[in-house]
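Enquirer: below: sequence and its predicted model.
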Amino acid sequence: MSAYKRKRRRRLNPRFALLCLALVLGAAAVGLWWASRGLPGEDIAVPDYVERDYIPVNEWSRPGTPLEDINAVVIHYVGNPGTTARANRNYFASLSSGEEGTYASSHFVVGLEGEVVQCVPLTEIAYASNGRNGDTVSIEVCHPDETGEFSSVTYGRCVELTAWLCREFKLDPEKDVIRHYDVTGKECPRYYVENPDAWEQFKADVAAELAAGEKN
């Protein structure tokens, strides 16, 4: 008998091999699905009343960062009474120089006459809602005076736009339409922070608009 024991060859358990293969293939499939799913805002056709006029890509107001999730719509007020949607869009664009050292923008601005300007694509984040920039769409709303209350035409358009966004991204107006105040405690939009009933009515009007659109 040899002084050396023969080393036994370990046989690979076929069940274990199949399990490993299944795990590898499953991980590859998930990776391919994730890579191909795209961004939620891709290929979205905006309503006819929206004018697309994107601000230039820059560090301060349009960083070009992908918006990978859309879980809510955030309502703001511009805080500068009497200014137009165009003026606010141009202000965001002017920040690209970096001279003010301010980070600010919004996906949409609703104007005093109900006009809507889109400043940032729905595939990119806007600098509007602090810690919620990465998963929300922002709407800045113009107002005629210091109270921050929206005019009737502006209010109606904002309701319409918000309902459209809820429809496109399957959002619930009751819990997924929020104020800047709900993110940071900032008094924005002022009138709808100081008057909670008015805010509840806004969400109810969005829900009604959403339901009406689904029936048509």
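Expert: That came in fine, so what should we check first? Numbering: from 1, shown residues only.

Enquirer: low-confidence ranges in the chain?
Expert: Counting by pLDDT under 70, the chain shows low-confidence ranges at 1-22, 24-37, 215-216.

Enquirer: next up, the contacts around residue 188.
Expert: 76-77, 79, 179-181 (Cβ atoms under 8 Å, 6 or more residues apart in numbering). Where you see a C-beta, it was placed from the backbone N, CA and C, and this is true even at glycine.

Enquirer: please apply the same query to residue 111.
Expert: Counting by Cβ under 8 Å, 6+ apart, residue 111 touches 84-86, 117, 142, 154.

Enquirer: how far away is residue 150 from residue 125?
Expert: According to Cβ to Cβ, to the nearest Å, residue 150 and residue 125 sit 25 Å apart.

Enquirer: I meant to write residue 169 there.
Expert: According to Cβ to Cβ, residue 169 and residue 125 sit 15 Å apart.

Enquirer: who's more crowded, the two?
Expert: Using other Cβ atoms under 10 Å, the more surrounded residue of residue 169 and residue 125 is residue 125, with 24 against 18.

Enquirer: just checking, that one touches residue 61?
Expert: No. With contact defined as Cβ atoms under 8 Å, residue 125 does not count as touching residue 61 (10.9 Å).

Enquirer: what sits closest to residue 103 if chain neighbours are left out?
Expert: Once flanking residues are discounted, residue 103 sits nearest to residue 127: 4.4 Å by Cβ to Cβ, 6 or more residues apart in numbering.

Enquirer: cool, and residue 50?
Expert: Nearest non-adjacent residue to residue 50 (Cβ to Cβ, 6+ apart): residue 116, at 4.7 Å.

Enquirer: next one: residue 133
Expert: residue 125 (4.7 Å).

Enquirer: swap in residue 205?
Expert: Spatial nearest neighbour of residue 205, chain neighbours left out: residue 159 (4.8 Å); criterion: Cβ to Cβ, 6+ apart.

Enquirer: let me see the contact set for that neighbour.
Expert: The contact partners of residue 159, taken as Cβ under 8 Å, 6+ apart, are 202, 205-206, 209.

Enquirer: ramachandran angles for it?
Expert: Phi and psi for residue 159, reported as degrees, to the nearest 10, are phi -60, psi -50.

Enquirer: can you check residue 209 too?
Expert: Torsion angles, degrees, to the nearest 10, at residue 209: phi -60, psi -40.

Enquirer: surely it and residue 163 touch.
Expert: Yes. The pair residue 209 and residue 163 qualifies as a contact (Cβ under 8 Å) at a distance of 3.8 Å.

Enquirer: of the two, which one has the most company?
Expert: Of the pair residue 209 and residue 163, residue 163 is the one with more neighbours under other Cβ under 10 Å, namely 24 against 20.
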